[in-house]
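**Student:** sequence first, predicted coordinates after that:
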Amino acid sequence: MAEALKTGLKREGFAADYVTDGEAGQRRIEMSHNEYDLVVLDLMLPKRDGFEVCKNIREQEISLPILVLTAREAVDDRVKALDLGADDYLVKPFSFQEFLARVRALLRRPEQALPIELKIADLSLNTSTRKVTRNNREVVLTLKEFGLLEYLMRHPNQVLNREQIWDSLWDFADNSFSNVVDVHMKNLRKKVDSGTNKKLLETIRGVGYRIKA
C-alpha cells in the first residue's frame, strides 16, 4: 500500500518517501522534518507503533501535519490518535481521491497561529466571539455563512474556486455538491454588501469568488 500511495502521489505532482517500521519513521521525521510537508502514519507498524511515533514527535514540538491511515476503526483508537496529536484519521479501505482531498486540506493549513480578528475595509470578523460587523453594524450570519466569510477573509484578493470552498467548509459525508456554494455565497453577499457603497464580495464568472481588500 505504501508503494501504491507513493506512486499515486507522484502522479499528482507530489514528492513522496516511505519507510516500513516505526523506529525508522520516527528517526526520519526527527532528522528531516524541515524537508517534509506532511506525515502519513500507519498505526500498526513493526518495532514502534504509530501511536508512540505520534506521541514522541509531538513531545519534541515537531508540528508537521499527521494523517493517520489505518485499518483500526474503533472510536477509541481515533480519539487516542487525535489526542496524541494527529490532525486527521482515515480508515482502510478508502478511496484514493478522498485520501488526496484530505492531504490537500492538511497542506492548506497555515503553519503559524491565525489572528482572532480579521479586518477588510469596514468589515470585521472576530473568530472568538463569532461576531461580524460592517461599518459598525452587526451582521448576523449562519454558521456556514460565517465559515465562508472567514475563509474568504483569510485569503483576501485571491480567487477561490468552488472546489476549494467546498473542501474547506463541508465534510466528506456531504456528497451533494450541486449549487450549495453558490446559494450560500448569494445569501452572504446580501447580508454583507447590501446598503453599502463599496461591494467587497465578487463573483469571478466561470471561476469562483473573492473578497477585495
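**Tutor:** On my side now, so go ahead.

**Student:** going forward, measure contacts between C-alpha atoms and count neighbours the same way
**Tutor:** Will do.

**Student:** so what pLDDT did residue 44 get?
**Tutor:** We note a pLDDT of 89 for residue 44 in this prediction.

**Student:** list the contacts for it?
**Tutor:** Applying Cα atoms under 8 Å, 6 or more residues apart in numbering, one finds that residue 44 lies in contact with 50, 70.

**Student:** let's go with 7 Å and repeat that
**Tutor:** Residues near residue 44 by Cα atoms under 7 Å, 6 or more residues apart in numbering: residue 50.

**Student:** what do you get for the one 10 residues further on?
**Tutor:** The neighbours of residue 54, taking Cα under 7 Å, 6+ apart as the test, are 84-86.

**Student:** just name the closest of those residues to residue 97, please.
**Tutor:** If you rank the contacts of residue 54 by distance to residue 97 using Cα to Cα, residue 86 comes first, at 20.4 Å.

**Student:** so the closest one makes contact with residue 64?
**Tutor:** No - the pair residue 86 / residue 64 is not scored as a contact, 9.5 Å apart, by Cα atoms under 7 Å.

**Student:** more neighbours, the two?
**Tutor:** Neighbours per residue, other Cα atoms under 10 Å: of residue 86 and residue 64, the larger number sits with residue 86, 25 against 21.

**Student:** off-centre distance for the least confident helix or strand in the chain by mean pLDDT?
**Tutor:** Counting by mean pLDDT, DSSP states H and E, the chain has its least confident helix or strand at helix 162-169, which shows a mean of 80. Counting by Cα atoms, centre = their mean, to the nearest Å, helix 162-169 is centred 10 Å from the centre of its parent chain.

**Student:** contacting residues around whatever helix or strand comes next after it?
**Tutor:** The first helix or strand that comes after helix 162-169 along the chain, using DSSP states H and E, is helix 180-193. Under the criterion Cα under 7 Å, 6+ apart, residues 134, 139, 145, 162, 166, 199-201 lie in contact with helix 180-193.

**Student:** mind listing what's buried in helix 180-193?
**Tutor:** Within helix 180-193, the residues scored as buried using 16 or more other Cα atoms under 10 Å are 181, 185, 188-189, 191-192.

**Student:** residue boundaries of the strands in this structure?
**Tutor:** 39-41, 66-70, 88-91, 117-120, 123-126, 131-134, 137-139, 160-161, 201-204, 208-211 (DSSP state E).

**Student:** I'd like those strands as JSON lines, with mean neighbour count, distance to residue 26 and mean pLDDT appended.
**Tutor:** JSON lines is the format used below for these (neighbours: other Cα atoms under 10 Å; distance: least, Cα to Cα, whole Å; pLDDT from 0 to 100):
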{"stretch": "strand 39-41", "mean neighbour count": "20", "distance to residue 26": "10", "mean pLDDT": "94"}
{"stretch": "strand 66-70", "mean neighbour count": "21", "distance to residue 26": "12", "mean pLDDT": "90"}
{"stretch": "strand 88-91", "mean neighbour count": "18", "distance to residue 26": "18", "mean pLDDT": "90"}
{"stretch": "strand 117-120", "mean neighbour count": "15", "distance to residue 26": "37", "mean pLDDT": "92"}
{"stretch": "strand 123-126", "mean neighbour count": "19", "distance to residue 26": "38", "mean pLDDT": "94"}
{"stretch": "strand 131-134", "mean neighbour count": "18", "distance to residue 26": "42", "mean pLDDT": "95"}
{"stretch": "strand 137-139", "mean neighbour count": "14", "distance to residue 26": "48", "mean pLDDT": "95"}
{"stretch": "strand 160-161", "mean neighbour count": "17", "distance to residue 26": "36", "mean pLDDT": "91"}
{"stretch": "strand 201-204", "mean neighbour count": "16", "distance to residue 26": "45", "mean pLDDT": "94"}
{"stretch": "strand 208-211", "mean neighbour count": "20", "distance to residue 26": "41", "mean pLDDT": "94"}
